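Trainee: just coords:
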């Protein structure tokens, strides 16, 4: 037995032998289990802007193989297990950004919400936390001036309204690509995968409540000063990411450019089941990852591990995720 191990065992045994016995009847582990998570929000600076990421809760996909239907199952399992992730289930986060420019308060994506009743829980009961976490972060929904959507999927726009169709952000405009607005409010697109019907019904309900206050975003054009739209199509045909610049700092809010921080970075050309055009999505993702790794800009990813803030770097034929260390003194 190595000497260091022997010394540790002897020391532990001696310490145990000298511990005083608790008096009879004294409570042991009497504190109840809390069984609930604290509010999830994280605040930091982007130049002179104040940024707050709030969680809509995690989004379980279940077994990963159906989500990546064209990928070899053994490679999926190997990538997950070698990174200490459960190969039996894939769980995504939902990290929504709120940006305070000093003149406007902007929310990027809304989370799942409760507007579609039972369909709002199609991924389980852990979604729909955005409004509560906003309030915990000291931000009220009526303070939002502009909701900027990366795209019109359920987990990004279904909290625009409540279950009764009332606007959750009564003073806000909504910015979205015209391509996504048209596609996801067109009943003729209810074909293909089963999820298309609720996805379109949900988008119609949520977006129609803001039809008189829509802003159409355009590729490489500013949405507001300091926020520029960049078209990254494929996940949806109008999927858009946003470069946020203040002073000498740029952070790119990448939306659903890549859903998984291991699988779709190590294998950027893999296809994802919820992509409208999987091959176009893979090509767009690969190009954007190369651009981000080259420019070395920080990114905020909607679905990467909480709070989704970090960098991507080249690694072999793919990329690696470098999360930014959490620091309570970042402001």
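Mentor: Right, received. Where do you want to start? On a predicted model such as this, the values are computed, not experimentally measured, just so you know.
Trainee: CA atoms for contacts and neighbours, from now on please.
Mentor: Noted.
Trainee: residue nearest the middle of the protein, spatially speaking?
Mentor: residue 302 (2.3 Å; C-alpha atoms, centre = their mean).
Trainee: identify the bridge partners of the residue lying closest to that residue once chain neighbours are set aside.
Mentor: Distance criterion C-alpha to C-alpha, 6 or more residues apart in numbering; nearest residue to residue 302, sequence neighbours excluded, is residue 95 at 4.6 Å. With DSSP bridges as the criterion, residue 95 is bridged to residue 55.
Trainee: so who does residue 95 touch?
Mentor: Counting by C-alpha atoms under 8 Å, 6 or more residues apart in numbering, residue 95 makes contact with 53, 54, 55, 56, 301, 302, 303, 304, 306, 307, 308.
Trainee: okay if I get the residues you listed as TSV plus distance to residue 80?
Mentor: TSV is the format used below for the contacts of residue 95 (distance: C-alpha to C-alpha, whole Å):
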residue	distance to residue 80
53	26
54	26
55	23
56	24
301	19
302	20
303	16
304	14
306	18
307	20
308	18
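Trainee: looking at those residues, state which has the most neighbours.
Mentor: Among those, residue 302 has the most neighbours (other C-alpha atoms under 10 Å), with 33 neighbours.
Trainee: who's in contact with that one?
Mentor: So, once contact is read as C-alpha under 8 Å, 6+ apart, residue 302 ends up touching 93, 94, 95, 96, 253, 254, 255, 256, 259, 308.
Trainee: with residue 178 instead?
Mentor: Applying C-alpha under 8 Å, 6+ apart to residue 178 gives the contacts 216, 217, 238.
Trainee: the first one and residue 173 touch, don't they?
Mentor: By that I understand residue 216. No - counting by C-alpha atoms under 8 Å, residue 216 does not reach residue 173; the two are 10.6 Å apart.
Trainee: and the two? Which one has more around it.
Mentor: The residue with more neighbours, out of residue 216 and residue 173, is residue 173; 18 against 14, by other C-alpha under 10 Å.
Trainee: wait, that one sits on residue 147?
Mentor: Yes - counting by C-alpha under 8 Å, residue 147 is a contact partner of residue 173 at 6.2 Å.
Trainee: give me the pLDDT value at residue 139.
Mentor: pLDDT recorded at residue 139 is 98.
Trainee: hmm, back to that, can I get the contacts of residue 178 in JSON lines including distance to residue 107?
Mentor: Output for the contacts of residue 178, formatted as JSON lines (distance: C-alpha to C-alpha, whole Å):
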{"residue": "216", "distance to residue 107": "16"}
{"residue": "217", "distance to residue 107": "15"}
{"residue": "238", "distance to residue 107": "18"}
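Trainee: let's see which of those residues end up in strands.
Mentor: 216, 217 (DSSP state E).
Trainee: give me the element residue 288 is part of.
Mentor: Taking DSSP states H and E as the definition, one finds residue 288 inside helix 278-295.
Trainee: centre of the chain to that helix, how far?
Mentor: A distance of 18 Å separates the centroid of the chain from that of helix 278-295, by C-alpha atoms, centre = their mean, to the nearest Å.
Trainee: start at 19, not 1
Mentor: Okay, residue one is now 19; in that scheme the one you just asked about reads as helix 296-313.
Trainee: so what strands line up beside the next helix or strand after it?
Mentor: Next in sequence after helix 296-313, counting helices and strands by DSSP H and E, comes strand 316-319. Sheet pairing of strand 316-319 (DSSP bridges) gives strand 267-273 (parallel), strand 327-333 (antiparallel).
Trainee: residue 284: which of these is closest?
Mentor: Ranking the strands paired with strand 316-319 by proximity to residue 284 (C-alpha to C-alpha) places strand 327-333 first, at 7.7 Å.
Trainee: now do the buried residues in the very next helix or strand once past the closest one.
Mentor: Next in sequence after strand 327-333, counting helices and strands by DSSP H and E, comes strand 336-341. Of all the residues in strand 336-341, those buried under the rule 16 or more other C-alpha atoms under 10 Å are 336, 337, 338, 339, 341.
Trainee: dump these to JSON lines, plus pLDDT and distance to residue 222.
Mentor: Output for the buried residues of strand 336-341, formatted as JSON lines (pLDDT from 0 to 100; distance: C-alpha to C-alpha, whole Å):
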{"residue": "336", "pLDDT": "97", "distance to residue 222": "37"}
{"residue": "337", "pLDDT": "98", "distance to residue 222": "36"}
{"residue": "338", "pLDDT": "98", "distance to residue 222": "37"}
{"residue": "339", "pLDDT": "98", "distance to residue 222": "35"}
{"residue": "341", "pLDDT": "97", "distance to residue 222": "35"}
